[in-house]
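Chemist: turn this into a structure:
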Amino acid sequence: MIHAGDWTFFSKCRKQIDDFNDWLEEQYAPLGRILSPGNHETYLESDPQLVSLTPNGTVLIEEQLTIGGLKLWASPITPHSAGGFTVRSPEERARRYAQIPLETDILITHGAPYGILDCAPGESLHQGCRELLNAVKRIRPKIHVFGHVHQGYGVYQMPDTLFVNARIENMLAEIESNFDIPTCQDFAHLEVECCPSCHEEPELELTLVEIESGGKAWVCCALDMALNPRKRSELEQDPQWQAFERSFQQET
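Modeler: Now for the predicted structure:
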(Lines give C-alpha, C1' and ligand atoms only; values in the text may rest on other atoms or scores of the structure.)
Protein backbone atom coordinates (compact mmCIF):
# COMPACT_ATOMS: atom_id res chain seq x y z
CA MET A 1 0.00 0.00 0.00
CA ILE A 2 1.29 3.47 -0.92
CA HIS A 3 0.07 6.82 0.45
CA ALA A 4 1.38 10.00 -1.21
CA GLY A 5 0.69 12.42 1.63
CA ASP A 6 -1.83 14.75 3.28
CA TRP A 7 -3.15 12.34 5.90
CA THR A 8 -3.67 15.25 8.33
CA PHE A 9 -5.25 18.63 7.90
CA PHE A 10 -2.15 20.79 8.34
CA SER A 11 -1.29 18.78 11.48
CA LYS A 12 -3.86 20.71 13.53
CA CYS A 13 -4.30 18.08 16.22
CA ARG A 14 -2.81 14.79 17.40
CA LYS A 15 -6.14 13.01 16.96
CA GLN A 16 -5.84 13.28 13.16
CA ILE A 17 -2.56 11.37 13.29
CA ASP A 18 -3.89 8.75 15.69
CA ASP A 19 -7.01 8.18 13.60
CA PHE A 20 -4.93 7.83 10.46
CA ASN A 21 -2.67 5.32 12.17
CA ASP A 22 -5.73 3.32 13.25
CA TRP A 23 -7.03 3.43 9.67
CA LEU A 24 -3.69 2.15 8.38
CA GLU A 25 -3.94 -0.88 10.64
CA GLU A 26 -7.28 -1.77 9.04
CA GLN A 27 -5.82 -1.83 5.51
CA TYR A 28 -4.77 -5.17 4.09
CA ALA A 29 -1.18 -4.65 2.98
CA PRO A 30 0.95 -7.81 3.22
CA LEU A 31 4.00 -6.02 1.77
CA GLY A 32 3.67 -3.01 4.07
CA ARG A 33 2.20 0.47 4.12
CA ILE A 34 4.58 3.05 2.65
CA LEU A 35 3.92 6.73 3.31
CA SER A 36 5.34 9.93 1.88
CA PRO A 37 4.34 13.07 3.82
CA GLY A 38 2.62 15.95 2.07
CA ASN A 39 2.58 19.68 2.68
CA HIS A 40 -0.15 19.10 5.30
CA GLU A 41 2.24 17.06 7.48
CA THR A 42 3.98 20.08 8.93
CA TYR A 43 4.65 18.20 12.17
CA LEU A 44 7.11 15.93 10.34
CA GLU A 45 9.03 18.83 8.86
CA SER A 46 9.32 20.32 12.35
CA ASP A 47 10.45 17.02 13.87
CA PRO A 48 11.11 14.01 11.59
CA GLN A 49 11.36 11.80 14.67
CA LEU A 50 7.58 12.04 14.92
CA VAL A 51 7.30 9.34 12.28
CA SER A 52 7.02 7.19 15.39
CA LEU A 53 3.41 8.40 15.71
CA THR A 54 2.39 6.20 12.76
CA PRO A 55 3.86 2.79 13.65
CA ASN A 56 1.37 1.07 11.33
CA GLY A 57 3.12 2.55 8.32
CA THR A 58 6.66 3.25 7.15
CA VAL A 59 7.25 6.96 6.53
CA LEU A 60 9.94 7.77 3.96
CA ILE A 61 11.36 11.29 3.78
CA GLU A 62 13.78 11.47 0.86
CA GLU A 63 14.99 7.93 1.38
CA GLN A 64 14.85 4.50 -0.19
CA LEU A 65 13.32 1.22 0.89
CA THR A 66 13.39 -2.21 -0.75
CA ILE A 67 10.31 -4.43 -0.48
CA GLY A 68 9.85 -7.72 -2.28
CA GLY A 69 12.76 -6.95 -4.56
CA LEU A 70 11.31 -3.55 -5.55
CA LYS A 71 13.21 -0.39 -4.70
CA LEU A 72 11.05 2.55 -3.58
CA TRP A 73 12.03 6.16 -3.06
CA ALA A 74 9.77 8.81 -1.49
CA SER A 75 10.02 12.59 -1.28
CA PRO A 76 7.51 15.07 0.23
CA ILE A 77 8.79 18.30 -1.35
CA THR A 78 6.69 20.58 -3.55
CA PRO A 79 7.69 23.76 -5.40
CA HIS A 80 4.96 26.06 -4.10
CA SER A 81 2.38 25.31 -1.45
CA ALA A 82 1.17 26.33 1.95
CA GLY A 83 2.42 24.11 4.74
CA GLY A 84 5.54 22.00 5.00
CA PHE A 85 8.29 20.62 2.78
CA THR A 86 8.13 23.53 0.34
CA VAL A 87 11.30 24.07 -1.71
CA ARG A 88 10.86 27.15 -3.88
CA SER A 89 14.33 27.21 -5.41
CA PRO A 90 14.50 25.26 -8.71
CA GLU A 91 18.21 24.70 -8.17
CA GLU A 92 17.64 23.22 -4.71
CA ARG A 93 14.85 20.98 -5.98
CA ALA A 94 17.11 19.74 -8.78
CA ARG A 95 19.85 19.02 -6.23
CA ARG A 96 17.47 17.11 -3.97
CA TYR A 97 15.97 15.08 -6.82
CA ALA A 98 19.46 14.26 -8.09
CA GLN A 99 19.83 12.11 -4.95
CA ILE A 100 17.17 9.67 -6.18
CA PRO A 101 18.99 6.48 -7.23
CA LEU A 102 18.76 5.28 -10.80
CA GLU A 103 17.74 1.88 -9.45
CA THR A 104 14.30 3.07 -8.36
CA ASP A 105 11.34 0.93 -9.38
CA ILE A 106 8.60 2.94 -7.65
CA LEU A 107 8.92 6.68 -7.11
CA ILE A 108 6.59 8.27 -4.54
CA THR A 109 6.36 12.05 -4.33
CA HIS A 110 3.76 14.36 -2.92
CA GLY A 111 4.16 16.83 -5.76
CA ALA A 112 3.36 16.13 -9.39
CA PRO A 113 5.78 16.19 -12.33
CA TYR A 114 5.22 19.09 -14.69
CA GLY A 115 2.69 18.43 -17.42
CA ILE A 116 1.48 15.04 -16.16
CA LEU A 117 -1.81 14.90 -14.22
CA ASP A 118 -0.94 18.27 -12.70
CA CYS A 119 -3.98 20.36 -13.65
CA ALA A 120 -7.74 20.12 -13.94
CA PRO A 121 -9.11 18.49 -17.11
CA GLY A 122 -9.44 21.05 -19.88
CA GLU A 123 -7.22 23.60 -18.14
CA SER A 124 -3.67 24.63 -19.00
CA LEU A 125 -2.45 25.90 -15.61
CA HIS A 126 0.17 23.28 -14.75
CA GLN A 127 1.09 23.01 -11.08
CA GLY A 128 3.75 20.32 -11.41
CA CYS A 129 7.50 20.58 -10.98
CA ARG A 130 9.86 20.68 -13.98
CA GLU A 131 12.78 19.50 -11.89
CA LEU A 132 10.79 16.48 -10.77
CA LEU A 133 9.89 15.73 -14.39
CA ASN A 134 13.58 15.82 -15.32
CA ALA A 135 14.32 13.42 -12.48
CA VAL A 136 11.63 11.02 -13.69
CA LYS A 137 13.09 11.12 -17.20
CA ARG A 138 16.50 10.26 -15.75
CA ILE A 139 15.31 7.47 -13.47
CA ARG A 140 12.51 5.97 -15.61
CA PRO A 141 10.73 4.26 -12.69
CA LYS A 142 8.15 1.61 -13.42
CA ILE A 143 5.56 3.54 -11.39
CA HIS A 144 5.40 7.13 -10.17
CA VAL A 145 2.77 7.76 -7.47
CA PHE A 146 1.98 11.33 -6.38
CA GLY A 147 -0.88 13.60 -5.28
CA HIS A 148 -1.09 17.24 -4.16
CA VAL A 149 -2.84 18.53 -7.30
CA HIS A 150 -6.39 17.55 -6.43
CA GLN A 151 -7.94 18.21 -9.82
CA GLY A 152 -5.42 16.05 -11.65
CA TYR A 153 -6.37 12.65 -10.22
CA GLY A 154 -6.07 9.70 -12.57
CA VAL A 155 -3.64 7.37 -14.31
CA TYR A 156 -1.42 8.03 -17.33
CA GLN A 157 0.72 5.38 -19.02
CA MET A 158 3.92 6.28 -20.84
CA PRO A 159 6.33 3.80 -22.43
CA ASP A 160 8.59 3.51 -19.38
CA THR A 161 6.44 4.73 -16.50
CA LEU A 162 2.90 4.45 -15.17
CA PHE A 163 1.93 7.79 -13.57
CA VAL A 164 -0.68 7.74 -10.80
CA ASN A 165 -2.17 10.86 -9.23
CA ALA A 166 -3.74 9.17 -6.22
CA ARG A 167 -5.90 12.03 -4.95
CA ILE A 168 -9.38 10.87 -3.84
CA GLU A 169 -11.82 11.61 -6.67
CA ASN A 170 -14.70 14.04 -6.09
CA MET A 171 -14.33 14.04 -2.29
CA LEU A 172 -14.79 17.78 -1.95
CA ALA A 173 -17.67 17.97 -4.41
CA GLU A 174 -19.64 15.34 -2.51
CA ILE A 175 -19.09 17.10 0.80
CA GLU A 176 -19.69 20.65 -0.44
CA SER A 177 -23.04 19.70 -1.96
CA ASN A 178 -24.48 19.31 1.54
CA PHE A 179 -23.35 22.64 2.98
CA ASP A 180 -23.67 26.38 2.48
CA ILE A 181 -20.16 27.68 1.83
CA PRO A 182 -19.11 31.14 3.08
CA THR A 183 -16.51 33.18 1.24
CA CYS A 184 -13.64 35.47 2.14
CA GLN A 185 -16.19 38.30 2.11
CA ASP A 186 -17.17 37.12 5.57
CA PHE A 187 -13.74 38.24 6.79
CA ALA A 188 -13.34 41.30 4.55
CA HIS A 189 -12.93 43.58 7.55
CA LEU A 190 -9.65 41.77 8.30
CA GLU A 191 -8.30 42.52 4.81
CA VAL A 192 -7.37 38.89 4.28
CA GLU A 193 -5.55 38.30 1.01
CA CYS A 194 -5.68 35.07 -0.97
CA CYS A 195 -2.53 32.99 -0.94
CA PRO A 196 -0.64 33.30 -4.29
CA SER A 197 0.73 29.79 -3.87
CA CYS A 198 -2.68 28.18 -4.29
CA HIS A 199 -5.24 30.46 -5.94
CA GLU A 200 -5.36 33.89 -7.52
CA GLU A 201 -9.11 34.45 -7.25
CA PRO A 202 -9.87 37.49 -5.05
CA GLU A 203 -13.07 35.81 -3.82
CA LEU A 204 -11.52 32.50 -2.86
CA GLU A 205 -14.07 30.31 -1.12
CA LEU A 206 -13.56 28.83 2.28
CA THR A 207 -13.88 25.18 1.37
CA LEU A 208 -15.37 22.57 3.62
CA VAL A 209 -13.09 19.58 3.54
CA GLU A 210 -13.23 16.27 5.30
CA ILE A 211 -10.12 15.44 7.25
CA GLU A 212 -8.96 11.90 7.79
CA SER A 213 -10.31 11.74 11.34
CA GLY A 214 -13.85 12.13 10.04
CA GLY A 215 -14.18 15.68 11.38
CA LYS A 216 -14.85 18.75 9.29
CA ALA A 217 -13.48 22.29 9.25
CA TRP A 218 -13.88 25.47 7.27
CA VAL A 219 -10.49 26.23 5.81
CA CYS A 220 -8.54 28.18 3.26
CA CYS A 221 -4.77 28.47 3.14
CA ALA A 222 -5.24 32.19 2.54
CA LEU A 223 -6.71 32.37 6.03
CA ASP A 224 -5.06 29.48 7.79
CA MET A 225 -1.52 29.45 6.43
CA ALA A 226 -0.66 32.66 4.56
CA LEU A 227 -1.47 35.31 7.14
CA ASN A 228 1.31 37.48 8.40
CA PRO A 229 1.60 37.68 12.22
CA ARG A 230 -0.49 40.85 12.52
CA LYS A 231 -3.36 39.50 10.45
CA ARG A 232 -3.17 36.13 12.18
CA SER A 233 -3.48 37.87 15.55
CA GLU A 234 -6.48 39.87 14.31
CA LEU A 235 -8.10 36.75 12.90
CA GLU A 236 -7.69 34.84 16.13
CA GLN A 237 -9.60 37.62 17.93
CA ASP A 238 -12.48 37.58 15.46
CA PRO A 239 -15.65 36.07 17.05
CA GLN A 240 -16.73 34.36 13.83
CA TRP A 241 -13.35 32.74 13.37
CA GLN A 242 -13.32 31.68 17.04
CA ALA A 243 -16.65 29.97 16.43
CA PHE A 244 -15.11 28.07 13.51
CA GLU A 245 -12.18 27.08 15.70
CA ARG A 246 -14.46 25.83 18.49
CA SER A 247 -16.48 23.85 15.96
CA PHE A 248 -13.28 22.32 14.59
CA GLN A 249 -12.10 21.27 18.04
CA GLN A 250 -15.46 19.69 18.81
CA GLU A 251 -15.48 17.74 15.53
CA THR A 252 -11.94 16.47 15.90
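
Chemist: list the buried residues for stretch 67-86?
Modeler: Along stretch 67-86, these residues count as buried under the neighbour rule (16 or more other Cβ atoms under 10 Å): 71-79, 81-86. All C-beta spots, glycine's among them, are computed from the backbone N, C-alpha and C.

Chemist: what's the answer for stretch 4-18, then?
Modeler: 4-13, 15-17.

Chemist: now the element after the helix or strand where residue 18 lies, going C-ward?
Modeler: With elements taken from DSSP states H and E, the one containing residue 18 is helix 14-26. Helices and strands here follow DSSP H and E; after helix 14-26, the next one along the chain is strand 34-35.

Chemist: contacts for that next one, please.
Modeler: Residues outside strand 34-35 that contact it (Cβ atoms under 8 Å, 6 or more residues apart in numbering) are 1-3, 5, 7, 54, 57-60, 65, 67, 72, 74, 108.

Chemist: quick check: mean pLDDT of it?
Modeler: In this model, strand 34-35 has a mean pLDDT of 95.

Chemist: tell me the helix or strand right after it.
Modeler: Tracing the chain past strand 34-35, the next element assigned as helix or strand by DSSP H and E is helix 42-46.

Chemist: tell me which helix or strand comes right after that following helix.
Modeler: Where DSSP H and E defines the elements, the next helix or strand beyond helix 42-46 is strand 58-59.

Chemist: what lines up beside that next one in the sheet?
Modeler: Applying DSSP bridges to the sheet, strand 58-59 is found paired with strand 34-35 (parallel).

Chemist: and residue 11, what does it touch?
Modeler: Residue 11 neighbours (Cβ under 8 Å, 6+ apart): 17, 40, 41, 42, 43, 44, 84.

Chemist: could you flag which of those residues are buried?
Modeler: With neighbours counted using 16+ other Cβ under 10 Å, those contain these buried positions: 17, 40, 41, 42, 43, 44, 84.

Chemist: rewinding a little: confidence-wise, which of the buried residues of stretch 4-18 comes last?
Modeler: For these, the least confident entry is residue 12, with 73.

Chemist: got the buried residues for stretch 159-170?
Modeler: Counting neighbours by 16+ other Cβ under 10 Å, one finds that the buried residues in stretch 159-170 are 161, 163, 164, 165, 166, 167.

Chemist: what sits against the nearest residue in space to the third one that is not next to it in sequence?
Modeler: Nearest non-adjacent residue to residue 164, counting by Cβ to Cβ, 6 or more residues apart in numbering: residue 145, 4.8 Å away. If a contact means Cβ under 8 Å, 6+ apart, then residue 145 has 2, 4, 106, 107, 108, 109, 164, 166 as its contacts.

Chemist: next: residue 60.
Modeler: By Cβ under 8 Å, 6+ apart, the residues touching residue 60 are 34, 35, 36, 72, 73, 74, 108.
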